[in-house]
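K.L.:
Quick one: sequence and predicted model below, then my questions.
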Amino acid sequence: MSRFLFAASLLVACAVSTSLLNCDSGSFETDPDSTPTCVFECTNWDDSGGSSSHSVDPSTLTFDFIKEIAVCENVLFASVLHSSDCSGLDDLVWTSECECPYCGCSTETTATDDVYSGNGDHHVVSALVSKICLESLCVPVVTDATTDATSLVYQYIGLASVSSPRFWDEFTCPPPMCSDSEETTPGQTWFTESDAGDTEGFCYCKWDGTEQCETGFANIVASSDSVLTELYKEECEYVLTDCLDEPTRVFQRRSSYYSCGGLGCDCGENSAGETWTSTYTDADGEQKCASCSCQTDSSSDGSTITYADCETDYDMDCDSVEDDAVSMNCHSETKDASSTNPFEVSTELASEECTGLTQCGWSVEYDDTDSTLS
């Protein structure tokens, strides 16, 4: 089963006091010339964008600093999900490594061949504009490398998350795995390849645990499953800007390694060295403009090929096309910036239909109302 640790700084929108120990950000680092050798390397930023750094003894760090500035996600999650075991410095367990501490627990998670075997408790935490499915485990960590002494600590494994309107309503915890791939979680995408190694299909894992695939770029773009088409456009926009809606122009530039990176657009009616402006519709139905040029490259057999090299121009005036716009369900919620609970939202989730010229997306502001629909 695919698991991934979350960087809490990316998932939690909360008011954080950067005055804690006069430190804006940082990380635990090993410094052989320092006593102790493990220090917290603190970075401060000034108004001009410059930075300065200094070392802090980890024993002087406060509990709030460890949660909020050091961004120790296991401590952050434990302070909310297991607050009786994680509310202050006395609850922290430091390992023999120079890294974030953990919060201690008492009953080890029953495991079979793999400690991350799905035997932990599952939790849904609702940070601002995101929902996260976590599995909490109580596992041993080495606290003294010389004696191999261990202690039990809480560790949180991310199973799935959603921060897009696209999968908001389908989110479940624990998430189902796709039927014929235990490594694929809902919302994940991948490409399939032919026996010759060329990209030939695109798939995604649905929230009901089934795989949805299309073979051939024409079928991908015209799929009856609009989500598959949207995900394809979202993933490949950066490299197929000029031919997202023209699948006959897509070709294999190089080995794809199961990604968009090996694909390219031919130059259409343009010749090598020529430039033009391209207009395309992205995954959210928004019409964008890009500046393109026809470039040359060498193929794997040594022959010369031409391809469209494009860069989206966000300053260019591109009118949205209502007929091509995607209709989807959007959500908004607000958070009190003074709240100390990073998973607390102030309002019930509000939904509305976004169609045509109204684009769906999240907007986060760090004051009294942090999230609004834009």
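P.N.:
Thanks, I have the structure now. Numbers count the residues shown, from 1 in each chain.
K.L.:
Where do the strands of the stretch 1-150 of the chain begin and end?
P.N.:
Taking DSSP state E, counting those that start in this stretch as the criterion, the stretch 1-150 of the chain carries its strands at 25-30, 38-45, 51-56, 92-93, 102-103, 121-127, 130-144, 149-162.
K.L.:
Could you look over the ones you listed and pick the most buried one?
P.N.:
The highest average neighbour count among the strands of the stretch 1-150 of the chain, using mean count of other C-beta atoms under 10 Å, belongs to strand 102-103 at a mean of 24. Where C-beta positions appear, they are placed from N, C-alpha and C, glycine not excepted.
K.L.:
about what we covered before: possible to save the strands of the stretch 1-150 of the chain as TSV with mean pLDDT and distance to Gly302?
P.N.:
Listed next are these as TSV, based on pLDDT from 0 to 100; distance: least, C-beta to C-beta, whole Å:
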stretch	mean pLDDT	distance to Gly302
strand 25-30	90	46
strand 38-45	90	48
strand 51-56	88	47
strand 92-93	96	59
strand 102-103	96	55
strand 121-127	83	52
strand 130-144	90	48
strand 149-162	91	45
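K.L.:
Tell me which of those sits nearest to Trp168.
P.N.:
Across the strands of the stretch 1-150 of the chain, Trp168 has its closest neighbour in strand 149-162 (5.7 Å, C-beta to C-beta).
K.L.:
Off-centre distance for that closest one?
P.N.:
18 Å (C-alpha atoms, centre = their mean, to the nearest Å).
K.L.:
quick one: it to strand 121-127, angle?
P.N.:
Relative orientation of strand 149-162 versus strand 121-127 (axes from the mean of the first three to the mean of the last three C-alpha atoms, to 10 degrees): 60 degrees.
K.L.:
The strands of the stretch 1-150 of the chain: which one's closest to Gln188?
P.N.:
strand 149-162 (9.2 Å).
K.L.:
So which bits of the next helix or strand after the closest one are buried?
P.N.:
The helix or strand immediately downstream of strand 149-162 is strand 189-193, counting by DSSP states H and E. By neighbour count with 16 or more other C-beta atoms under 10 Å, strand 189-193 contains the buried residues 189-191, 193.
K.L.:
One more: stretch 87-104?
P.N.:
91-96, 98, 100-104.
K.L.:
Do me a favour and get the end-to-end distance for that stretch?
P.N.:
Length of stretch 87-104, first residue to last, C-alpha to C-alpha, to the nearest Å: 11 Å.
K.L.:
from the middle of its chain, how far away would it be?
P.N.:
26 Å.
K.L.:
Residues contacting that stretch, please?
P.N.:
Contacting residues not belonging to stretch 87-104 are listed as 28-30, 37-38, 58, 62-63, 66, 70, 72-75, 78-79, 82, 85-86, 141-145, 151-155 [C-beta atoms under 8 Å, 6 or more residues apart in numbering].
K.L.:
hey, C-alpha coordinates of the strand or helix carrying Gln295 in PDB?
P.N.:
For Gln295, the host element (DSSP H and E) is strand 287-298. The C-alpha trace of strand 287-298 is given here as PDB (Å, rounded to 0.1, in the frame of the first residue of the first chain):
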ATOM      1  CA  GLN A 287      -8.500  29.800 -21.900                       C
ATOM      2  CA  LYS A 288      -4.800  30.700 -21.800                       C
ATOM      3  CA  CYS A 289      -2.300  32.100 -24.200                       C
ATOM      4  CA  ALA A 290       1.300  31.000 -24.800                       C
ATOM      5  CA  SER A 291       4.200  32.200 -26.800                       C
ATOM      6  CA  CYS A 292       5.600  29.400 -29.000                       C
ATOM      7  CA  SER A 293       8.500  28.700 -31.200                       C
ATOM      8  CA  CYS A 294       9.400  25.800 -33.500                       C
ATOM      9  CA  GLN A 295      12.600  24.200 -32.300                       C
ATOM     10  CA  THR A 296      14.800  21.400 -33.600                       C
ATOM     11  CA  ASP A 297      16.100  18.400 -31.800                       C
ATOM     12  CA  SER A 298      17.800  15.100 -32.500                       C
END
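K.L.:
before we move on, back to that, could I get the strands of the stretch 1-150 of the chain as JSON lines with distance to Met316?
P.N.:
Listed next are those as JSON lines, based on distance: least, C-beta to C-beta, whole Å:
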{"stretch": "strand 25-30", "distance to Met316": "35"}
{"stretch": "strand 38-45", "distance to Met316": "32"}
{"stretch": "strand 51-56", "distance to Met316": "34"}
{"stretch": "strand 92-93", "distance to Met316": "52"}
{"stretch": "strand 102-103", "distance to Met316": "50"}
{"stretch": "strand 121-127", "distance to Met316": "35"}
{"stretch": "strand 130-144", "distance to Met316": "31"}
{"stretch": "strand 149-162", "distance to Met316": "32"}
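K.L.:
who wins for proximity to Asp208 among the ones you listed?
P.N.:
strand 149-162 (13.4 Å).
K.L.:
angle of the closest one against strand 130-144?
P.N.:
For strand 149-162 against strand 130-144, the angle by the same axes, to 10 degrees is 170 degrees.
K.L.:
just the CA coordinates of strand 149-162, formatted as CSV?
P.N.:
Extracted C-alpha coordinates of strand 149-162, given in CSV (Å, rounded to 0.1, in the frame of the first residue of the first chain):
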residue,chain,number,x,y,z
ALA,A,149,17.5,1.4,23.6
THR,A,150,14.1,2.1,22.1
SER,A,151,10.9,4.0,23.0
LEU,A,152,7.4,3.8,21.6
VAL,A,153,6.3,6.9,19.7
TYR,A,154,3.3,8.1,17.6
GLN,A,155,4.0,8.1,13.9
TYR,A,156,1.5,9.3,11.3
ILE,A,157,1.4,8.1,7.7
GLY,A,158,-0.5,9.9,5.1
LEU,A,159,-2.8,7.6,3.1
ALA,A,160,-4.6,10.1,1.0
SER,A,161,-5.5,13.8,0.8
VAL,A,162,-7.7,16.1,-1.2
